[in-house]
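**Student:** I would like to see how this sequence folds:
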Amino acid sequence: MTPNTEATAAPQALTKKPRLALAIATAFGVGYIPKAPGTFGSLVGIILTVLTHPISLLIIVGKLFFHGGPGIDIPTFRGYSAPVLFLVPSLVALMIVALLGVCSSSRAATYAGLDDPQYVVIDEVSGMHLTLVLALMPVGLPTRLLPAGDASVFALYSAFSLLNWKYVLMGFILFRVFDIWKPWPIRRLEKLPGGWGIMADDWMAGIYAAILLRVALHFGLLTFHIGWV
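**Tutor:** Okay, the predicted model is just below:
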């Protein structure tokens, strides 16, 4: 009787619902939205990007609770102003979401018996996050340290870009276009095993979108005013 009991218990263990993995893979339930879950996943990516940039978050908190903009202290490195450090929380969040995305999407796909279940949207979250952060990266990262005045400008520039509806909307549209269009090598990346295939194609779409978004910034197509600080 013992062998039969073990044989029955084994399949049950294998099909146990990975609740935490599904929660992460679906962006805590967003993926279960019946229509256009990928679009809503991208919106979660926008929110995540804004909330993980320390200055944009301080600006929001200041406007909501203190009726004014916050004071900004520029971080330093070896005695020099280092505004790129403002992007460290964003980059750390980017890495964490990417790694969690690979693990959780792989488990969710295995549980569903599908290569890429529609309700898995952590890939859109990560791809959208990558788009908005990558387009703001300084060309000289991490070696170029700026004078204090330029550092302050960069801190505000990066924060206000994430709060600029033109920047966010264009990034969103570009990412969704590349995510749906899937130019080379996005479709090839989809064939990578497990969660890597689910995530990598959206990362590539995010890179394409970030390049065009950076071009738009360079030519001043996304100008904005900061008089409301």
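**Student:** shaky segments in the chain?
**Tutor:** 1-15, 58, 61-86, 138-157, 223-229 (pLDDT under 70).
**Student:** all helices for it, in order.
**Tutor:** Assigned by DSSP state H, the chain shows helices spanning 2-14, 19-25, 37-51, 54-61, 88-112, 122-134, 148-162, 165-181, 186-189, 194-218.
**Student:** Count the neighbours of Gln118 for me.
**Tutor:** By other C-beta atoms under 10 Å, 12 other residues sit near Gln118. The way it works is simple: take the backbone N, C-alpha and C, and place the C-beta from them, glycine included.
**Student:** thinking it is in contact with Lys35, fair?
**Tutor:** No: in this structure Gln118 lies outside contact range of Lys35 using C-beta atoms under 8 Å: 10.7 Å.
**Student:** Mutual contacts of the two, please.
**Tutor:** Listed as contacting both Gln118 and Lys35 by C-beta atoms under 8 Å, 6 or more residues apart in numbering is no residue at all.
**Student:** Look up how far Ala108 lies from Leu20.
**Tutor:** Per C-beta to C-beta, to the nearest Å, Leu20 is found 10 Å from Ala108.
**Student:** of these two, who's got more company?
**Tutor:** Ala108 (25 against 12).
**Student:** The more buried one contacts Ala21, doesn't it?
**Tutor:** Yes: here Ala108 reaches Ala21: they are 5.6 Å apart, a contact under C-beta under 8 Å.
**Student:** what's Tyr32 in contact with, if anything?
**Tutor:** 26, 119.
**Student:** Start the count at 83 instead of 1 going forward.
**Tutor:** Happy to do that; since the first residue is 83 now, the last one works out to Tyr114.
**Student:** measure it to Ala190 for me?
**Tutor:** Taking C-beta to C-beta, one finds Tyr114 at 12 Å from Ala190.
**Student:** who touches both of these two?
**Tutor:** In contact with both Tyr114 and Ala190: 108, 201, using C-beta under 8 Å, 6+ apart.
**Student:** which neighbours do Ala190 and Ala103 share?
**Tutor:** Residues touching both Ala190 and Ala103 by C-beta under 8 Å, 6+ apart: none at all.
**Student:** Could you report the neighbour count for Phe122?
**Tutor:** 18.
**Student:** For Leu218, what are phi and psi?
**Tutor:** Note on Leu218: its backbone torsions stand at phi -100, psi 0 [degrees, to the nearest 10].
**Student:** Run a quick neighbour tally on it.
**Tutor:** The burial count for Leu218: 22, using other C-beta under 10 Å.
**Student:** hang on, isn't it packed against Ala241?
**Tutor:** No: distance between Leu218 and Ala241: 9.4 Å, which falls outside the contact criterion (C-beta under 8 Å).
**Student:** who's in contact with Leu104?
**Tutor:** 186, 189-190, 193.
**Student:** let's go with 6 Å and repeat that
**Tutor:** By C-beta atoms under 6 Å, 6 or more residues apart in numbering, Leu104 lies in contact with Ala190.
**Student:** same thing with Ser243?
**Tutor:** 218, 249 are the contacts of Ser243 under C-beta under 6 Å, 6+ apart.
**Student:** repeat that for 10 Å
**Tutor:** Contacts for Ser243 (C-beta atoms under 10 Å, 6 or more residues apart in numbering) come out as 135, 138, 214, 217-218, 249-250, 253, 295, 299, 304, 306.
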